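build me a model from this:
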Amino acid sequence: MIALTATATPKVRMDIQKNLGMQDAQEFKSSFNRPNLYYEVRSKTNNIDRDIIKFIKANPGKSGIIYCLSRKKVEELAEVLQANGINARAYHAGMDSATRTANQDGFLKEDIDVIVATIAFGMGIDKPDVRFVIHYDIPKSLEGYYQETGRAGRDGGEGQCITFYSNKDLQKLEKFMQGKPVAEQEIGKQLLLETAAYAESSICRRKSLLHYFGEEYTEENCGNCDNCLNPKKQVEAQDSLCAVIEAIIAVKENFKADYIIDILLGKETSEVLAHKHEELEVFGSGMGEEEKMWNAVLRQALIAGFLS
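Numbering: from 1, shown residues only. Okay, the predicted model is just below:
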C-alpha cells in the first residue's frame with residue numbers, strides 16, 4: 001500500500017499512518033522550501049485597497065491571485081480593481097458555472113491579469129507564471145497559507161507572497177467558529193493562533209514555515225522575506241508579560257484576551273463596569289502602550305506556553 005499527501009505537518013503524517021495501520025511504513029518527503037518565493041506580512045489598514053492597487057500597478061502585466069475570505073469581498077474588490085484600470089475578474093463557488101469557467105480560462109490564457117478569489121480557486125490549476133499571491137485576509141491555517149502562496153512562481157521565477165494582517169480579522173474568524181462543536185473550535189483556535197504567531201513573528205518567515213512542517217532551515221538569513229531584508233526591532237517584554245499575568249490573576253482567569261487588554265488600557269466598557277473591574281489596582285496599568293503591543297505580548301505568551 002502507498003499513501004500520498006501534498007502538504008502535511010508531522011502530526012498529520014503520523015495520523016495518516018496510524019489510521020491506515022502503516023506505522024512501520026517508510027516515509028519519503030521532499031523539502032517544503034520554495035527559495036524563489038518572497039514572503040511578506042503587512043499591517044492591514046483602511047487603505048488596503050489603495051495599497052493593493054499601487055502594488056499591482058508597480059507590477060504591470062504580471063499574473064496574480066488575490067485571496068479573500070468572503071464572496072462579497074471578492075466581488076467588491078474585483079470591481080474596485082476594474083474601476084482603477086486593472087484587468088481583474090472575480091471567482092467564487094457562488095457564481096454561475098459559465099462565468100466562473102470563463103474567468104478561470106481567461107486567467108489561464110493570460111487574457112486576464114488578476115483573479116480575485118476565495119480559496120475555491122486554485123485546486124488543480126497549474127499556471128506556472130503566477131508572479132504574486134496576495135492574501136486580503138489572514139488565512140485560517142498555515143497549511144492553507146502554504147498551499148495558496150505555493151501557486152506563485154511554479155516555473156522557478158519570481159513569486160511575491162504578500163499577506164495583510166490585522167487583529168480584527170483574527171477576532172472575526174474566532175467569531176465564525178462560535179456555535180461549532182467544541183473539539184472543532186479548539187482545533188480552529190489553535191490553527192489561528194499558529195497563523196497569528198507567524199504573522200507577528202520577527203524571525204525569518206521561511207524558517208517559521210519550514211519549522212511548522214517539521215523541516216529545519218539552518219540559514220541565518222534567507223534573503224527573501226521581509227523579516228530578513230528589514231529586521232524588526234526586538235524589545236524586552238518581561239515587564240509587559242508580568243503586567244498581563246497580574247491582570248489575568250486579578251480577574252480570576254475568567255475572561256478573554258481582548259477583555260484583559262481593556263483592563264490594561266483602562267477602558268471603562270459596559271462589561272468592565274458590570275464586573276466593577278475598573279476598581280482593580282491593575283486597571284489602566286498598561287496605558288503607556290498601544291493595544292497592538294498588548295495583543296502581540298498575549299499572543300507570543302500563549303505560543304511560548306506562559307499562558308494557556
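
okay, now the unreliable bits of this protein?
Along the chain, segments meeting pLDDT under 70 span 124, 303-305.

hey, where'd the helices end up in it?
With helices called from DSSP state H, the chain shows them at 10-19, 48-57, 71-83, 97-108, 142-149, 167-177, 182-200, 205-212, 226-229, 238-250, 257-264, 270-274, 291-304.

the inter-axis angle of the second one versus helix 71-83?
The directions of helix 48-57 and helix 71-83 differ by 50 degrees, with axes from the mean of the first three to the mean of the last three Cα atoms, to 10 degrees as the criterion.

so what's residue 131 up against?
By Cβ atoms under 8 Å, 6 or more residues apart in numbering, the contact set of residue 131 is 59, 62-64, 152-153, 157-160. C-beta: built from backbone N, CA, C; applies to glycine.

could you export those to TSV, including columns for neighbour count and distance to residue 92?
TSV is the format used below for the contacts of residue 131 (neighbours: other Cβ atoms under 10 Å; distance: Cβ to Cβ, whole Å):
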residue	neighbour count	distance to residue 92
59	15	24
62	15	22
63	19	19
64	25	17
152	27	20
153	23	24
157	12	28
158	16	27
159	24	23
160	21	23
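
thinking again about what came up before, quick one: closest of the helices of the chain to residue 3.
Closest to residue 3 of the helices of the chain, according to Cβ to Cβ: helix 10-19, at 5.7 Å.

chain neighbours aside, what residue packs nearest to residue 199?
In this structure, residue 199 finds its nearest non-sequential neighbour in residue 165, 4.3 Å apart by Cβ to Cβ, 6 or more residues apart in numbering.

which one of the helices of the chain lies nearest to residue 134?
helix 48-57 (6.3 Å).

can you pull the buried residues of the closest one?
Neighbour counts over helix 48-57 (16 or more other Cβ atoms under 10 Å) mark 48, 51-53, 55-56 as buried.

same question, stretch 6-21
Neighbour-count burial for stretch 6-21 [16+ other Cβ under 10 Å]: 8-9, 13.

what sits up against stretch 61-75?
For stretch 61-75, using Cβ under 8 Å, 6+ apart, the contacting residues are 52, 56, 77, 88, 90-94, 107, 110, 113-119, 121-122, 127, 129-137, 139, 148, 151-152, 173.

before we move on, back to that, which among the buried residues of stretch 6-21 gets closest to residue 202?
Residue 202 has its nearest neighbour among the buried residues of stretch 6-21 in residue 9, at 22.6 Å by Cβ to Cβ.

isn't that closest one right up against residue 214?
Yes. Here residue 9 reaches residue 214: they are 6.4 Å apart, a contact under Cβ atoms under 8 Å.

still on that earlier bit, need the helices of the chain in CSV (columns: distance to residue 38).
Listed next are the helices of the chain as CSV, based on distance: least, Cβ to Cβ, whole Å:
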stretch, distance to residue 38
helix 10-19, 26
helix 48-57, 12
helix 71-83, 22
helix 97-108, 21
helix 142-149, 10
helix 167-177, 22
helix 182-200, 15
helix 205-212, 9
helix 226-229, 8
helix 238-250, 31
helix 257-264, 31
helix 270-274, 42
helix 291-304, 23
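
picking that back up, I'd like to know which of the contacts of stretch 61-75 are buried.
52, 56, 77, 88, 90-92, 107, 113-119, 121-122, 127, 130-137, 139, 148, 151-152, 173.

among those residues, which are in strands?
Residues of these located in strands (DSSP state E): 88, 90-91, 114-117, 130-135.

return the residues in contact with the closest residue to residue 211 other than its chain neighbours.
Once flanking residues are discounted, residue 211 sits nearest to residue 217: 7.2 Å by Cβ to Cβ, 6+ apart. Contacts for residue 217 (Cβ under 8 Å, 6+ apart) come out as 33, 204, 206-207, 210-211.

any quick ChimeraX command for the buried ones out of the residues you listed?
Remark: buried members of the contacts of residue 217, expressed as a ChimeraX selection using 16+ other Cβ under 10 Å:
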select :204,206,207,210
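
and the contacts of residue 217 as JSON lines, adding distance to residue 2?
Formatted as JSON lines, those follow (distance: Cβ to Cβ, whole Å):
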{"residue": "33", "distance to residue 2": "24"}
{"residue": "204", "distance to residue 2": "34"}
{"residue": "206", "distance to residue 2": "30"}
{"residue": "207", "distance to residue 2": "31"}
{"residue": "210", "distance to residue 2": "25"}
{"residue": "211", "distance to residue 2": "27"}
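
just curious, which of the contacts of residue 217 is nearest to residue 288?
So of the contacts of residue 217, ranked by how close each gets to residue 288 (Cβ to Cβ), first place is residue 204, at 30.6 Å.

my guess is the closest one meets residue 223, correct?
No. Using Cβ under 8 Å, residue 204 makes no contact with residue 223, being 9.5 Å away.

quick one, what contacts the residue nearest to residue 216 when sequence neighbours are not counted?
Leaving aside its sequence neighbours, residue 216 sits nearest to residue 210 (Cβ to Cβ, 6+ apart; 7.0 Å). For residue 210, the contacting residues are 31-33, 216-217, by Cβ under 8 Å, 6+ apart.
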